[in-house]
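> Sequence and predicted structure below; questions after.
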Amino acid sequence: MSSLDIDFVRAQFPAFSEPSLQGQAFFENAGGSYTCQPVIDRLTRFYTQRKVQPYAPYEVSRLAGAEMYEARARMAAILGVDTDELSFGPSTTQNTYVLAQAFRQWMKPGEAIVVTNQDHEANSGPWRRLADEGIEIREWQIDPETGSLKPEDLENMLDERVRLVCFPHCSNVVGEINPVTEITAIAHAAGAFVCVDGVSYAPHGFPNVGDLGPDIYLFSTYKTYGPHQGCMVIRRTIGELLPNQAHYFNGDVLYKRFTPAGPDHAQIAACAGMADYVELLSAHHGGPISDAAAQGAFVHDLMRGQEVSLLQPVLDAVKDRNAVRLIGTSDATRRAPTVAMSLNRPAETVAAELAQHGVMAGGGDFYAVRPLQAMGVDPAQGVLRVSFTHYTSQQEIDQLLEALERVL
């Protein structure tokens, strides 16, 4: 496999040629990525040429609907699922909340859901609230030293009452990549469905959800170089089993069942630009020229290869530093390039110091209060988080390391 052509990649992102951003190294990608040009082009075209109610018989409306369908079909193909198994919603948080309401109606008091304390609150809080309905909430707890989830601990929690197991593909502060297929197999063997929060993983390469095996997989497109939407894969078996949450007359359409609000037509259409970007990268690097899932897998591996090579020096630079606790593993091959550090002073002030050196990073709890508390980190003091993705350059990594040397 060829290595990633970083110059070609960065040429697809207008932010890197924007004068006001020159000299600023962006290391808060876990909060949201820069948007690629194909997405911007599609969003602009929709707002200027297609901004009518879609699916009517006149031509511009037909084209608007066709662009929305294209986005769903092409992204579903990359994710390895059927077109109608992919839904768009306003955000992953909102999508998860709607799902939780469907499970609330479907489940009986005394039945159980497994959640973790490794999650961002969006994939934990909505499920935990179902305890008010008599549903038992069981917490799969992380190792307080490493932040890891151990599959064998989950096995000991499962019985015939568990209906759903919820966990992240990787945490937005721990960063370690969880073995989704292994965990899913464990849950399925016990008769439980699986819901995976992929928000912190998908920016580093779209996963083939069909191959991974979970019943539900969620991520946010504003973190995968797209507009502010939430993507939600719901496999047919569970999607048709759960009660409809949309208008009653949409209940027989799988991709509409869990999106009660009217969709953002333009942003859905613009999501096809993410598929355009995958195709561009695959073609430029000699990857597959057809088969969206194969293109997605090829680009996924390109992205991960680039990220791992840049990540290991960052981990090495901070893992043994005095007054710094690296959260999660120091092995770049086992984690996403989302690096959280617990310091001996408020993290937000350190992030502000980094900004003086042209490094855009964040400090705080990042809605990951539960894992931080479980690892003995005061959420009020928070963690310093530097996060990047495949479009980050070696020069920016050098800028980050120099800045960290100065402020830490």
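Noted; the coordinates are in hand. Here the structure is a predicted model, which is why all the values come from computation and not from measurement.
> C-alpha from now on. contacts and neighbour counts both.
Fine.
> what about stretch 82-101, how long is it end to end?
24 Å (Cα to Cα, to the nearest Å).
> then stretch 221-231 to PDB, C-alphas only?
This file holds the C-alpha atoms of stretch 221-231, laid out as PDB (Å, rounded to 0.1, in the frame of the first residue of the first chain):
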ATOM      1  CA  THR A 221     -20.300  13.900  10.100                       C
ATOM      2  CA  TYR A 222     -18.900  17.200  11.300                       C
ATOM      3  CA  LYS A 223     -16.000  15.100  12.700                       C
ATOM      4  CA  THR A 224     -15.600  13.200   9.400                       C
ATOM      5  CA  TYR A 225     -15.000  16.300   7.200                       C
ATOM      6  CA  GLY A 226     -18.600  16.900   6.600                       C
ATOM      7  CA  PRO A 227     -21.600  19.000   7.700                       C
ATOM      8  CA  HIS A 228     -23.200  19.000  11.100                       C
ATOM      9  CA  GLN A 229     -25.300  15.800  11.000                       C
ATOM     10  CA  GLY A 230     -25.500  12.500  12.900                       C
ATOM     11  CA  CYS A 231     -25.200   9.300  11.000                       C
END
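> got the contact list for stretch 340-352?
For stretch 340-352, contacts defined as Cα atoms under 8 Å, 6 or more residues apart in numbering pick out 173-174, 323-328, 360-364, 377, 380-386, 407.
> Give me the buried entries from those residues.
For these, a burial check counting by 16 or more other Cα atoms under 10 Å picks out 173-174, 324-328, 360-364, 377, 381-386.
> Looks to me like I397 is in a strand.
No: read with DSSP: H, G, I helix; E, B strand; the rest coil, I397 is helix and lies in no strand.
> Skipping its backbone neighbours, what lies nearest it in space?
L310 (7.1 Å; Cα to Cα, 6 or more residues apart in numbering).
> Tell me which helix or strand comes right after the host helix or strand of the one you found.
Using DSSP states H and E, L310 sits in helix 292-318. Counting by DSSP H and E, the next helix or strand C-terminal to helix 292-318 is strand 324-326.
> got the contact list for that next one?
Counting by Cα under 8 Å, 6+ apart, 315, 318-319, 339-344 sit against strand 324-326.
> and L79, what does it touch?
L79 makes contact with 206-210, 293, 296, according to Cα under 8 Å, 6+ apart.
> wait, I meant Q399
25, 359.
> What does the pLDDT read for it?
According to the prediction, Q399 has pLDDT 98.
> ditto for M1
pLDDT, read off for M1, is 51.
> try G262
For G262, pLDDT reads 82.
> Is it within a helix or a strand, and which one?
Using DSSP H and E, no helix or strand contains G262.
> Next: the one 5 residues further on.
Under the criterion of DSSP H and E, Q267 resides in helix 265-270.
> can you check I113 too?
Applying DSSP H and E as the criterion places I113 in strand 112-116.
> so what strands line up beside that strand?
strand 136-140 (parallel), strand 162-168 (parallel) (DSSP bridges).
> Now render those as TSV, adding mean pLDDT.
As requested, the strands paired with strand 112-116 are exported to TSV (pLDDT from 0 to 100):
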stretch	mean pLDDT
strand 136-140	98
strand 162-168	98
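> so of the ones you listed, which one's packed in deepest?
Most buried of those by mean neighbour count (mean count of other Cα atoms under 10 Å) is strand 162-168; its value is a mean of 25.
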